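Colleague: Let's see this in three dimensions:
(2 chains)
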Amino acid sequence: MASSRLSLLLAILRRPWFWAFAASTIAFFATLTLSEGRGGGELLSAALTFASFSAIVGIGQMFVITLGPGNVDLSIPATMTLAGTLSLKFMDGQTALILPGLGNALAVGIAAGAFNYLLIRLLRIPPIIATLSASFLYQSLAIWWNRGLRIKPPEALADFATGSTGGIPNLTIIGILIAVVSWVLLERSIFGRWVSAFGQNTRAARLSGVPVEAVRAATYISSAVLASLTGYLLASFSGGAALNMGTEYLLISIAVVVIGGSSIAGGNSNVPGIWGGALLMFLVVSMLNSYGFGAGVRLIMTGAIIIAIVAAASGKGRSV
Amino acid sequence: MNSKAKLLGAAALVALALPGSAIADTADKRIALSNNYAGNSWRQAMLESWSKVGGKAVADGVAAAADAFTTSENQATEQAAQIQNMILQGYDAIVVNAASPTALNGAIKEACDAGITVVSFDGIVTEPCAWRIAVDFKEMGRQQVEYLASRLPDGGNLLEIRGLAGVFVDDEIHAGIEQGVKEFPKFKIVGSVHGDWAQDVAQKAVAGILPSLPDLAGVVTQGGDGYGAAQAIKAAGRETPIIVMGNRQDEMKWWASARDENGYETLSLSIAPGVGTLAFWVAQQILDGAEVPKDLTVPFLKVTQDTLDETLASTPVGSVANVEYSLEDAKAVIAGAK
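Modeller: Numbering: from 1, shown residues only, chains lettered A, B, ... in the order given. This is a model prediction of the structure:
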């Protein structure tokens, strides 16, 4: 009896996502002790809202990173900025154009993802260089298109982005839906097997009949589409697109993948962990801000916490 | 021997300087702008003002060229290489908004040694041979607290939104705010976050710290973060404190609608992106032989309850309140510094 309970506990401890969620919970309660328990709902709602952005771009980044060493999408911030800028200018505050505006943003994502892939495939540029140089192109295009002017989103869209349904922020609902779909894709579909096979051994995957190039194209396009969706939502949420709106999501997108327990070497992904990592990234910064730490200490501690969690998660995996 | 050499050196200097001061015409002079960053609305407005004023000066025959160059990565090494290119291209003056106050000094010195006039503004450089058009950022921070003290004689709790960690401007404004709090000790900074001068980053940071904060009387800011703070405070269902704004159009629009709704009052202050055009005219004056002190100060642009409507009307949607400087303005600033 006791041993079966123990083995269940061990099984949970061995889940790579466990540590991200555990650390998030600790950070949450550590922040609350400051306010003597008040504001818990407020903090939870803020964490769920802002973690949604990190989770959606993080899932896209996870698809790409799962492809194996050298695969990473550095064009996420620029794609977010370009999609946000183009779609908000296109909608120009008109409620009737909300859905076409969304289509506009997603089209930017598909185009950016396809372009990234073509640079990698046709010109044989390493993905890091290809996505980085493409991001200069996207950023310049965004600057040229609207010169950094902030155009307000349609009111109905802004209300939706900042609102909630049944107590849960609308953005969180979208973020969780995307996570569920991605989980099914990765864990229960042939496509997910292909992605993992690609990441574990590309040559073996090709020889066993996996359409490796189609898989690679699909992952880069998914990443860019999710980034552009995030750009559209973030711009609607914060009252307009800005040229620097995506900047912090480059590091966050990679951090949540690593914290969430996906293998940075590829071949192994973890969708629940992305949400754990996204919540943690917000809650740790909030906790350190609330305790009044300066920027230097905050950055050092954020880094230390990430290292500790990655070490804890991978250590448990190996020991058994 | 030694004094003789000095005398010779001095004579050579005079000989070099004389023709410069004799030419009262800058029609054949080429001026370049070395800019380290273009990725926000303030920098975009700065570049636009530059091309407008510089373009007109070229058309009017005041200068031969007023070209703007921006580095892509906001790196000092990249900008140093850019300045070295400008030296090779033979520009007569380089106006620079620097990525670092010290890291460009080598390249700036090379330019000076090549006889090029270097004028730095906003992001200034410490190299002594360059001119500096500095903003009194410290005063900008102090005045925010002073304004809050005039509105709230009993003081209260303040939330401070800082800029980008590790940047000189952030440290200066922060120091000014601390000085203001020392001057008006009834105020207490109960929380501090970094908003990176971006509305969405500020919104996120404020939303995270709010639950642990007591009631706020005011929010002191650095510009580009006030609207995000207002959104986060509204989302948390709190009463809006006095948020000092930073001249962005969306901030002023929010302020105007809050004023119409419930008589909301605040202050907005920042530097006009047009400060680049002031640097242009200062460079032109130096090339023209005018005697210009190495350190100039540019006033910051304040928007008050009385000037809100007027400023809002003249600011393009989604941009920043701006002033473009004229040759006369530059002469006045130079005369004021003497």
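
Colleague: Can you give me the domain boundaries for chain B?
Modeller: Here chain B is described, according to automatic domain parsing, as comprising the domains B:25-129+B:272-299+B:321-337, B:137-244.

Colleague: Mean pLDDT and mean neighbour count for those domains - can I get that in TSV?
Modeller: Where you see a C-beta, it was placed from the backbone N, CA and C, and this is true even at glycine. Compiled in TSV, the domains of chain B are given as follows (pLDDT from 0 to 100; neighbours: other Cβ atoms under 10 Å in any protein chain shown):
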stretch	mean pLDDT	mean neighbour count
domain B:25-129+B:272-299+B:321-337	92	19
domain B:137-244	93	21
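
Colleague: Need the nearest residue in space to the residue in the stretch 51-200 of chain B that chain A sits nearest to, chain neighbours excluded.
Modeller: Proximity of the stretch 51-200 of chain B to chain A (Cβ to the nearest Cβ) peaks at B:Ala165, 3.5 Å away. Leaving aside its sequence neighbours, B:Ala165 sits nearest to A:Ala295 (Cβ to Cβ, 6 or more residues apart in numbering or on different chains; 3.5 Å).

Colleague: From B:Phe137, how far out is that neighbour?
Modeller: A:Ala295 sits 17 Å away from B:Phe137, going by Cβ to Cβ, to the nearest Å.

Colleague: What segments of the stretch 101-250 of chain B are strands?
Modeller: B:117-121, B:131-135, B:156-162, B:187-194, B:218-220, B:242-243 (DSSP state E, counting those that start in this stretch).

Colleague: mind checking which helix or strand A:Ile173 is in?
Modeller: Using DSSP states H and E, A:Ile173 maps to helix A:170-188.

Colleague: That helix: which residues count as buried?
Modeller: A:170-172, A:174-175, A:178-179, A:182-183, A:185-186 (16 or more other Cβ atoms under 10 Å in any protein chain shown).

Colleague: what's in contact with that helix?
Modeller: A:48-49, A:51-53, A:55-56, A:59, A:62-63, A:66, A:160-161, A:163-165, A:191-192, A:195-196, A:226, A:233, A:237, A:269, A:271-272, A:274-275 (Cβ atoms under 8 Å, 6 or more residues apart in numbering or on different chains).

Colleague: Ok, stretch A:195-210 next?
Modeller: Contacts of stretch A:195-210 (Cβ under 8 Å, 6+ apart): A:63, A:66-68, A:71, A:186, A:194, A:212, A:215-216, A:219, A:263, A:265-269.

Colleague: try 10 Å
Modeller: If you take Cβ atoms under 10 Å, 6 or more residues apart in numbering or on different chains as the criterion, stretch A:195-210 is touched by A:62-69, A:71, A:185-187, A:189-190, A:193-194, A:211-213, A:215-216, A:218-219, A:222, A:262-263, A:265-269.

Colleague: ditto for stretch B:169-176
Modeller: Here stretch B:169-176 has contacts from A:295, B:122-123, B:134-145, B:160, B:162-165, B:167, B:189, B:192, B:194, B:196-197, B:220-223, B:271, using Cβ under 10 Å, 6+ apart.

Colleague: Could you tell me which of these are located in helices?
Modeller: Assigned to helices by DSSP state H, the following of the contacts of stretch B:169-176 qualify: A:295, B:137-145.

Colleague: Format those as a markdown table; extra columns: distance to A:Glu42.
Modeller: Listed next are those as a markdown table, based on distance: Cβ to Cβ, whole Å:
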| residue | distance to A:Glu42 |
| --- | --- |
| A:Ala295 | 24 |
| B:Phe137 | 33 |
| B:Lys138 | 34 |
| B:Glu139 | 36 |
| B:Met140 | 31 |
| B:Gly141 | 29 |
| B:Arg142 | 32 |
| B:Gln143 | 32 |
| B:Gln144 | 26 |
| B:Val145 | 27 |
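
Colleague: quick one on the thing from earlier: tabulate the strands of the stretch 101-250 of chain B (CSV), appending distance to chain A.
Modeller: Shown next, in CSV, are the strands of the stretch 101-250 of chain B (distance: least, Cβ to the nearest Cβ, whole Å):
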stretch, distance to chain A
strand B:117-121, 20
strand B:131-135, 21
strand B:156-162, 8
strand B:187-194, 5
strand B:218-220, 14
strand B:242-243, 14
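
Colleague: So which of the ones in helices among the contacts of stretch B:169-176 is the closest to B:Lys253?
Modeller: B:Gln144 (20.4 Å; Cβ to Cβ).

Colleague: what's the spacing between that closest one and B:Val244?
Modeller: When B:Gln144 is compared with B:Val244 (using Cβ to Cβ), they lie 5 Å apart.

Colleague: Next, show the common contact partners of those two.
Modeller: With Cβ under 10 Å, 6+ apart, B:Gln144 and B:Val244 have common neighbours B:158, B:177, B:218-222, B:267, B:269.

Colleague: quick one: which of those is nearest to B:Ala59?
Modeller: B:Leu269 (33.4 Å).

Colleague: low pLDDT regions in chain A?
Modeller: Flagging of chain A using pLDDT under 70 yields the residue ranges A:1-2, A:315-320.

Colleague: Strands of that one, residue ranges please.
Modeller: A:164-165, A:168-169 (DSSP state E).

Colleague: Pull the contacting residues for the most centrally placed residue in chain B.
Modeller: By Cα atoms, centre = their mean, chain B has its centre lying nearest to B:Asp122, at 3.9 Å. Residues in contact with B:Asp122 (Cβ under 10 Å, 6+ apart) are B:35-36, B:42-43, B:46, B:96-98, B:133-135, B:169, B:271, B:273, B:275-276, B:279, B:298.
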